[in-house]
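Student: Here is the input, now give the coordinates:
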Amino acid sequence: MSQHGTDPILQVGYLRSCMDRRFVEATRHTFEEVTRLSGDRYYHEAFAGGALNPTPVPPPNPNPDGANYVYNNSEIPLEVMGWQAHLNHCGGLPGVPDAEIRRRFQALADSGTLQKQYPRVRHVFLLASEDSNHEPQVEIIEPRDAKE
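Tutor: Residues are numbered from 1 along each chain as shown. Sure, this is the predicted structure:
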């Protein structure tokens, strides 16, 4: 998606997820449902560990962090930012059990850290996992204490 197209884009989103291919499609689908954005209306950045990886590409990195890039670019009418992590053995969080991943992700949503870092937009927190048939499912995590 280019912000320099001929048609003005009135609403744009950003999604950071884990790169685990088991959950990418379901995560995108849920993000699109929640935000009502089509797949060509948001930026998607995927890193091992997703939103729970605080430094996706450690310095020195000549490329800007995608979240900062879209948030601080005045040509991008950013409205919503999505943050995802997943259960069922995250390669970006090796050895971390599901209960701890869930706790850390809920704590991230509750802390207001991302909401304070990017205050002008709405935030969506998505936790992906496999059901008993190994099918991907995505739940929306509501911040318990954070003010958006």
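Student: any idea which helix or strand comes after the least confident helix or strand in the chain by mean pLDDT?
Tutor: Across the helices and strands of the chain, the lowest-confidence element by mean pLDDT, DSSP states H and E is helix 66-72, at a mean of 94. With elements assigned by DSSP states H and E, the helix or strand that comes after helix 66-72 is strand 78-86.
Student: Please name the strands paired to that next one in the sheet, noting orientation.
Tutor: The pairing partners recorded for strand 78-86 under DSSP bridges are strand 12-17 (parallel), strand 122-130 (parallel).
Student: And the helices in this protein?
Tutor: Counting by DSSP state H, the chain has helices at residues 21-35, 66-72, 98-111, 113-117.
Student: Need those in TSV (columns: mean neighbour count and distance to Ala51).
Tutor: Where C-beta positions appear, they are placed from N, C-alpha and C, glycine not excepted. TSV is the format used below for the helices of the chain (neighbours: other C-beta atoms under 10 Å; distance: least, C-beta to C-beta, whole Å):
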stretch	mean neighbour count	distance to Ala51
helix 21-35	18	11
helix 66-72	17	10
helix 98-111	16	6
helix 113-117	15	8
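Student: so which of these gets nearest Gln84?
Tutor: Judged by C-beta to C-beta, the one of those that comes nearest to Gln84 is helix 21-35, at 5.1 Å.
Student: so the closest one versus strand 122-130, what angle?
Tutor: Between helix 21-35 and strand 122-130, the angle formed by their directions is 140 degrees, by axes from the mean of the first three to the mean of the last three C-alpha atoms, to 10 degrees.
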